[in-house]
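1. below: sequence and its predicted model.
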Amino acid sequence: MKVFIYLLTALALYSQPMQASDYQTRKDFFTQKFSKNGKLKKQMWVVGYVNATLEDYFKDCEEAFNNGADAIVWESGDYKKLDEALAAIKAKYPDKTFGVNFLGPDEHLMTYKETFELAKKHNVQIAWTDFSAVDLIKEAPETSLHAIDALKPADVFYVSGIHMKYSTPLDANKTIERSAIQAMGWVDGIVITGLKTGAATDPTHAKDARAVIGNHPLGAASGVSAENVKTILPYIDFVLVNSSIADKTHRIIGSKVKELRQAMDQKVKAPKK
């Protein structure tokens, strides 16, 4: 009888979704979430804009996934529209990898509560917020990292930024290395950007961050293109991209996705330690 109870307990535990705390490192969590057949390539996460119709979003999915995207992370400043879009998209593509980023207005930039809520409700794999609260900035009040961590869904891969575009650090002398080390304790994947939307991520920043975080997942979220991705590819694990693979209304162009995928799949020399 005891053996039977033990087996039932073990089976119940085995059937539970793996959580971030079940892995020794965030890289292990990242690999489990996004590898296929045990192989993990550089991840291309297309940014989907919820600013049109459901048919547009479905077409974005086809254009992205049919041409090499690994995931689509949907973003909007309209909570209701984002909620409705995610419900419809997940219903149509239940086996695809998706994420969410709720964008607040200027007076409410720390949007982790809404983002986590939507991620949990729609069972998406990625939660992305622009500002991690690791860096104190003029544009947003100081936010408790413990409060953010307490709300994070355990089985969601949470990515967020340091030295983010459109932010003014209170400590102008704080290095990206220091921010990256601090972020390791709070986010599953660290995000870096250029100075503005569409501006290429500085490869020096990517290299400097990588130098201090070991194999902790690192991603770039601005200005990534087929032409420049090789400059940061040795240092990053994923990209969040729209501008270079979309038209002026942010609808996804399949041929551009394919070009970026091909550029990311080419062998690149590993960075020197």
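-> Happy to help now that I have it. Residues are numbered from 1 along each chain as shown.

2. list the buried residues of stretch 23-37.
-> 23, 26, 27, 29, 30, 31, 33, 34 (16 or more other CB atoms under 10 Å). For the C-beta atoms, the positions are set from N, CA and C on the backbone; glycine is no exception.

3. need the contact list for the second one.
-> It refers to residue 26. 20, 184, 188, 189, 216, 217 (CB atoms under 8 Å, 6 or more residues apart in numbering).

4. now do the last one
-> Going by CB under 8 Å, 6+ apart, residue 34 touches 40, 43, 70, 71, 97, 125, 157, 238.

5. checking the closest residue to residue 207 other than its chain neighbours next. Helix, strand or coil?
-> Excluding the flanking residues, the one nearest residue 207 by CB to CB, 6 or more residues apart in numbering is residue 235, at 5.3 Å. Three-state call for residue 235 (DSSP: H, G, I helix; E, B strand; the rest coil): coil.

6. you'd agree residue 235 is up against residue 210?
-> Yes. The pair residue 235 and residue 210 passes the contact test of CB atoms under 8 Å, sitting 4.2 Å apart.

7. just say helix, strand or coil for the residue nearest to residue 228 when sequence neighbours are not counted.
-> Leaving aside its chain neighbours, residue 228 sits nearest to residue 200 (5.2 Å; criterion: CB to CB, 6+ apart). Under three-state DSSP, the three-state class of residue 200 is coil.

8. how about residue 110?
-> coil.

9. next one: it, what pLDDT does it get?
-> You'll see residue 110 listed with a pLDDT of 89.

10. next one: it from residue 144, what distance?
-> Counting by CB to CB, to the nearest Å, the separation of residue 110 from residue 144 is 10 Å.

11. and the contacts of residue 34, which two are the farthest apart?
-> 40 and 125 (14.3 Å; CB to CB).

12. what about the helices in the chain?
-> 2-15, 26-34, 54-65, 79-92, 112-122, 145-151, 176-183, 203-213, 254-265 (DSSP state H).

13. coming back round to it: who touches both of residue 110 and residue 144?
-> In contact with both residue 110 and residue 144: residue 133, using CB under 8 Å, 6+ apart.

14. who has more neighbours out of these two?
-> Neighbours were counted for residue 110 and for residue 144 using other CB atoms under 10 Å; residue 110 has more, 20 against 9.

15. look up phi and psi at the closest residue to the more buried one other than its chain neighbours.
-> If the residues on either side of it in the chain are set aside, residue 110 comes closest to residue 143, at 4.9 Å by CB to CB, 6+ apart. When read as degrees, to the nearest 10, the backbone of residue 143 gives phi -120, psi 140.

16. quick one: pLDDT of residue 168?
-> Reported pLDDT for residue 168: 83.
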